[in-house]
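Undergrad: What follows is a predicted structure for the sequence shown.
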Amino acid sequence: MIKDITIGQFFPGKSPVHRMDPRVKIVLTMVFIIMLFVADKIWGLLIGIAFTVFAYAISRIPGKMILKCLKPIVPIIIFTAVLNLFFIRTGKKLFEAGFILITDDGVNTAVFMVVRIICLIVGTSLLTYTTSPIDLTDAIERLLSPLKLIKVPVHELAMMMTIALRFIPTLIEETDKIMSAQKARGADMETGSIVKRARALVPVLIPLFVSSFRRAEELALAMECRCYHGGEGRTRMKQLKVSCVDFVAVAVTVVFFAGIIVINHLV
Amino acid sequence: MSDFIQAKNLKFSYINEIEEPPVRTEVLKDINLEIHKGEFVAVLGHNGSGKSTLAKCFNAINIPESGTVTVNGLDTKDEDNLLEIRKTAGMVFQNPDNQIVATIVEEDVAFALENMGVEPNEIRKRVDEALKTVGMYEYREHAPHKLSGGQKQRVAIAGVIAMQPECILLDEPTAMLDPKGRAEVMKTIKQLNREHGVTIVLITHYMEEAAQADRIVVIDSGDIVMDNVPKKVFSQVSTLKNLGLDVPQVTQLAYGLKKAGYDISTEIITEDECVEALERILADA
Amino acid sequence: MAVIKTENLSYVYGEGTPFRKIAVDNVNIEIEEGEFVGVIGHTGSGKSTLIQHFNGLLRPTSGKVFVDGEELWKDKSKLRALRFKVGLVFQYPEYQLFEETVYKDIAFGPTNMGLSRDEIDRRVRETARMVGLSPSLLEKSPFDLSGGQKRRVAIAGVMAMEPKVLILDEPASGLDPKGREQILGLIRDYHKTTRNTILLISHSMEDVAKHSSKILVMNNAQVFCYDTPQRVFHRANELEQMGLAVPQITRVFNRLKARGISIDEDVYTVDFGRKLLLERLKKE
């Protein structure tokens, strides 16, 4: 059923990675990205791969999820590979036919870049696999809260995110219902030119807008009734706490990072 | 002690400023009403009679144009009282979808407490209690959009009772529910009233629900036209019908028999009373 | 002749996923032309899914649906034409209004049917009158109307397609008692004048009992029974067991019977109950 779709790609679980403080997860994900860019040799990247595999293993995210997150970027991977393979002309010649010239430098760089991109996507996806959208929003709000000092409406932005997440399924369901209702009145949304189809959406979009405004108004009223008055003086039920798991995670990340730096110097 | 909610010469109008010149619609004319602590009051009236507007005067969403409304001694006109009044008189709305803010049940129940700046440990405690009271504790980690209408409405009620209000205003909370959801919500409301002493103001279109209240207030075009115990209110069958309202089927039946000349009370509002009375007149005949 | 007929109709949601759910399970039903059918069943019983098959909004997972003797989905190009024979009014239909004027909104269906301008005009005016909208409202924006009026516009929009079968999902929900009575009254009048088949889905047993000539009870994705109100309410105990609320008046009479008072007939409306009691009291 349409209402069973999930938002984002959160994969619920109780692994140590799931239990980590989302703030720490976000920071470590950033460290991970830096790590990949610090590694300037394929050997350094192998450590990055090891780190990714290790993190996936303890988070118990099924392997097919890795393939799933890579699917949308396959064109980018191919493009990068082709670009490096054919356009790097330094190094030892491996193959030549007409204007095509492939060198060992080209092959090395292509492999290096592809591995880096794959690592980057797979590694950062782990953040969204193991953290629910609401926790993410929450963590971002708290990480960005120093920006409040320079008048960035951090709380308001986070509140908007939360409400959007809350209402996406409701609005999808509603769209489905309005579409059925207009189809039952003979609206034809499946055939005809693009212009015709776009026009056929008007009977769906207008009611959807009208009802969204009504919902927004009612929600605002309901929030007011529950004493909402902005972020000032607000507390939170769920306190984010940095625990042992987080310290271990930080330590592990530091070890891997150090490994990369060492390899960079050794090889 | 004075009455819990008190409206004195309450007048209220909506002003439509889009029109030129602005159009003023008088919704509440001159309302005088007292609601006592611990009472279960049902408010009846057809669509547009002003009953929703009245309820919104009780938690300072609407501020009287003239006259006063006090909640637990606090004047709704005074802005400083605003949060205290909202804490004292919580409100539940008709559409369960449009009053749930968070993507997880327990987060939503915590919403009001977070706004009030309650300590995290205390929030946790009160949220769990509230969810247990409405029987939704097992669903605390669910996403609200996957719940049934009745369950969503109970979550909304939990979100209000977590504030530990002395009174809950419910604006047609069962209108969008199926009979099962309706029964769940009614059971919760009655339990809050009986076991926790919460004052209830229930706006409804369902006569069977109103019949369960201690007292019924009937509103018509901005005036209170009846204010009595359910038995007395429902015995006025023709008056209610003229107001665009209805009576429970059993009352309707008793009324029909009475009109045909049989000796039967017109103050019958429950099935039990009806069965008793019918058995008696059939035995007499 | 049956205007709607299903043969071993089944519908499964989310086939091949963990959410797989049989919503309609091997339903065989024949609805005769001109009936006023009340459809009841609790939420999730499959009644909404079933009726969405009757005008081809859903395609059966297996089995067949016939409308006016023709099989839906046999020839996909004919689907749209067949869909016009079965009008479907969803719950809270006022939320589907979108045109600038009431007139245009009611005309949306007939225009999609490709009718002539004169014919559209006739239908719009006729149905507006039928649902009790005064001609002066036709040029207004539907968004400026009251809730009850909006609902009438939406219902008129489907009636204007002059379907042989009109299906209404909870047309009276959210209205006050008078509003309920008015909406149901206009549906009854429409049935009387046009003799078209009506399917009325409702949670209110009282409403269904009052208006229907036949009642279809859905339970656990299957047809529990399809019969006259008299016979359906004869099984009041079974209905209550599946969580359906029978009319209050039926419960009262059943309790009288349980107390040893012999009442032969099944009572499901107040009027009938009163008549029965009065006759009995007079006799004795």
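TA: Good, I have the coordinates.
Undergrad: For residue B:77, grab the count of nearby residues.
TA: By other Cβ atoms under 10 Å in any protein chain shown, 13 other residues sit near residue B:77. Where C-beta positions appear, they are placed from N, C-alpha and C, glycine not excepted.
Undergrad: which SS class is it?
TA: When classified by DSSP: H, G, I helix; E, B strand; the rest coil, residue B:77 comes out as coil.
Undergrad: Run through the residues that contact it.
TA: Taking Cβ atoms under 8 Å, 6 or more residues apart in numbering or on different chains, we find residue B:77 in contact with B:63-64, B:68-69.
Undergrad: now for those, which pair is the farthest apart?
TA: Farthest-apart pair in the contacts of residue B:77 is B:63 and B:68; separation 10.2 Å (Cβ to Cβ).
Undergrad: list residues touching both of the two?
TA: Contact with both residue B:63 and residue B:68 is made by residues B:76-77, according to Cβ under 8 Å, 6+ apart.
Undergrad: Using TSV, lay out the contacts of residue B:77 together with neighbour count and secondary structure.
TA: Formatted as TSV, the contacts of residue B:77 follow (neighbours: other Cβ atoms under 10 Å in any protein chain shown; DSSP: H, G, I helix; E, B strand; the rest coil):
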residue	neighbour count	secondary structure
B:63	15	coil
B:64	20	coil
B:68	13	strand
B:69	25	strand
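Undergrad: Keep only those of those that are also close to chain A.
TA: For chain A, no contacts are drawn from the contacts of residue B:77 by Cβ under 8 Å from any Cβ of the partner chain.
Undergrad: where do the strands sit along the stretch 1-150 of chain A?
TA: With DSSP state E, counting those that start in this stretch, the ranges of strands along the stretch 1-150 of chain A come out as A:93-97, A:100-103.
Undergrad: Using a markdown table, lay out these together with mean neighbour count and mean pLDDT.
TA: Listed next are those as a markdown table, based on neighbours: other Cβ atoms under 10 Å in any protein chain shown; pLDDT from 0 to 100:
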| stretch | mean neighbour count | mean pLDDT |
| --- | --- | --- |
| strand A:93-97 | 10 | 82 |
| strand A:100-103 | 16 | 85 |
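Undergrad: Tell me which of these lies nearest to chain C.
TA: Between chain C and those, the tightest spacing by Cβ to the nearest Cβ is seen for strand A:100-103, at 44.1 Å.
Undergrad: Which strands or helices does the closest one pack on?
TA: Under the contact criterion of 3 or more Cβ pairs under 8 Å, 6 or more residues apart in numbering or on different chains; DSSP states H and E, strand A:100-103 touches helix A:74-87, strand A:93-97.
Undergrad: Mean neighbour count, the ones you listed: which tops it?
TA: Highest mean neighbour count among those (mean count of other Cβ atoms under 10 Å in any protein chain shown): helix A:74-87, with a mean of 14.
Undergrad: CA-only coordinates of it in PDB, if you can.
TA: The C-alpha trace of helix A:74-87 is given here as PDB (Å, rounded to 0.1, in the frame of the first residue of the first chain):
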ATOM      1  CA  VAL A  74      26.600   3.900 -11.600                       C
ATOM      2  CA  PRO A  75      26.700   6.500 -14.500                       C
ATOM      3  CA  ILE A  76      29.000   8.700 -12.400                       C
ATOM      4  CA  ILE A  77      31.300   5.800 -11.700                       C
ATOM      5  CA  ILE A  78      31.400   4.800 -15.400                       C
ATOM      6  CA  PHE A  79      32.000   8.400 -16.400                       C
ATOM      7  CA  THR A  80      34.900   8.800 -14.000                       C
ATOM      8  CA  ALA A  81      36.500   5.600 -15.000                       C
ATOM      9  CA  VAL A  82      36.300   6.300 -18.700                       C
ATOM     10  CA  LEU A  83      37.500   9.900 -18.300                       C
ATOM     11  CA  ASN A  84      40.600   8.800 -16.400                       C
ATOM     12  CA  LEU A  85      41.300   5.800 -18.500                       C
ATOM     13  CA  PHE A  86      41.300   7.600 -21.800                       C
ATOM     14  CA  PHE A  87      42.500  11.100 -21.000                       C
END
